[in-house]
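*Asks:* model this:
(one chain, ligands or ions: 1)
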Amino acid sequence: MTKILVVEDEAKIARFVELELTHEGYEVDKVDNGRDAVDLALSNDYDLILLDILLPQLNGMEVLRRIRKEKDVPVILLTARDAVMDKVAGLDAGADDYITKPFAIEELLARIRVALKRREAAATVAASEAPAAPSAQPAHHILAAKGVQLDVERHEVLVEGEPVDLTNREFEVLKALLENLNIVMSRERLAQLACGYDFVGETNIIDVYIRHLRSKIDDRYGIKLISTVRGVGYVIREG
Ligand code: CA
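*Replies:* As a prediction, this is how the structure comes out:
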């Protein structure tokens, strides 16, 4: 049976989610504070965790960090409507997805199915790739434009030969743009490529990543790497 931990301090929401998930055939534990959430998450093998961000004792972001240190369990964050920075920080801290409160239960169930399926698919791939030839030298796949080099295998970005420190999601957004040079990418497409799921709305998180990339690369090195195409999206133009 698929086991889900619901971490939510608003009793009504927690109860409602518990009832719906139980009805869907999931086994549910629920907890109303961050400290117990960490204890339970680390001492049980949950298949998925629904995690509210504003929690007593320990906030959801800190709970996520502590869980991520030890476990790879899928985590879906429950966030407030306008908390774009929470969403970005949460995805960077290793959340698989987020859903904005108030949410329709159908949407939550759909997100849960996607997260569970994705984790299952990743586990299958990892298992089939397990006996990797240790002597095989990985080919370095390097994407480059305008003095920026992105090494896919090393997960490294160099600008004018200097390493630039990017978060995972910033890296994925930059990679998507470099892989599609001269092609204008919509926020939706970038979100799909960078976040790896069927993105529903709230593509303004892409604007946040672009802003971070511009401050780390364009502003710092005085280059114009990423162009905005008003009403459409973003592009790196070359040649
Ligand atoms: Ca809360």
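*Asks:* State the distance from Lys30 to Ile142.
*Replies:* 47 Å (C-beta to C-beta, to the nearest Å). The C-beta positions use only the backbone N, C-alpha and C, and glycine is treated the same way.
*Asks:* Neighbour count: the two, which is higher?
*Replies:* Using other C-beta atoms under 10 Å, the more surrounded residue of Lys30 and Ile142 is Lys30, with 19 against 14.
*Asks:* And the more buried one, which helix or strand is it part of?
*Replies:* Applying DSSP states H and E as the criterion places Lys30 in strand 27-31.
*Asks:* likewise Glu170?
*Replies:* Element membership of Glu170 [criterion: DSSP H and E] is helix 168-179.
*Asks:* buried sites along that helix?
*Replies:* 169-178 (16 or more other C-beta atoms under 10 Å).
*Asks:* I'd like the average pLDDT over it.
*Replies:* Helix 168-179 comes out with an average pLDDT of 92.
*Asks:* got it, and stretch 122-142?
*Replies:* Here the average pLDDT along stretch 122-142 is 63.
*Asks:* next one: phi and psi at Ile49?
*Replies:* phi -130, psi 130 (degrees, to the nearest 10).
*Asks:* thinking it is in contact with Leu42, fair?
*Replies:* No. Taking contacts as C-beta atoms under 8 Å, Ile49 lies outside contact range of Leu42: 11.0 Å.
*Asks:* List the residues that are in contact with both of these two.
*Replies:* When contacts are counted by C-beta atoms under 8 Å, 6 or more residues apart in numbering, Ile49 and Leu42 are jointly contacted by Ile67.
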